[in-house]
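*Asks:* Prediction below, plus the sequence it came from.
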Amino acid sequence: MIVKLVVIVLLLAILTTLMISMVFLVRDPSTRKRALTGLKIRVALSVTLILFVLLSWQQGWIQPHRALPVAPPPASAP
């Protein structure tokens, strides 16, 4: 449950920094590079999320599964 919570929090943080960077890009007339800084933070959060998912998988906290069920092999006719 904690792993799901961490993933959700990181995804929300990524989306938040993306929206904030967009606002700075559109509305900020100053020469400060706040949009670039926001995008750097978003990339860092994305890398953190990927590393956390890989670590969780390696530690056995999460297990991969198929999105669609696998059909059983056809029975051979005698």
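*Replies:* Looks like it came in fine. What you see is a predicted model; the values in this text were computed from it and never measured.
*Asks:* how about low-confidence regions in the chain?
*Replies:* 77-78 (pLDDT under 70).
*Asks:* What are the boundaries of the helices in it?
*Replies:* All helices of the chain, identified by DSSP state H, fall at 2-27, 34-59.
*Asks:* quick one: which of those is nearest Leu68?
*Replies:* helix 34-59 (20.1 Å; Cβ to Cβ). Using the backbone N, CA and C atoms, a C-beta is placed for each residue, glycine as well.
*Asks:* what would the helices of the chain look like in CSV with distance to Ala71 and mean neighbour count?
*Replies:* Listed next are the helices of the chain as CSV, based on distance: least, Cβ to Cβ, whole Å; neighbours: other Cβ atoms under 10 Å:
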stretch, distance to Ala71, mean neighbour count
helix 2-27, 29, 14
helix 34-59, 26, 14
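*Asks:* Mind putting the ones you listed into CSV with distance to Ala67?
*Replies:* CSV is the format used below for these (distance: least, Cβ to Cβ, whole Å):
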stretch, distance to Ala67
helix 2-27, 17
helix 34-59, 16
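*Asks:* Mind checking these for the one nearest to Pro72?
*Replies:* When the helices of the chain are compared (using Cβ to Cβ), the closest one is helix 34-59, at 27.0 Å.
*Asks:* tell me what the closest one is packed against?
*Replies:* Using 3 or more Cβ pairs under 8 Å, 6 or more residues apart in numbering; DSSP states H and E, the elements in contact with helix 34-59 are helix 2-27.
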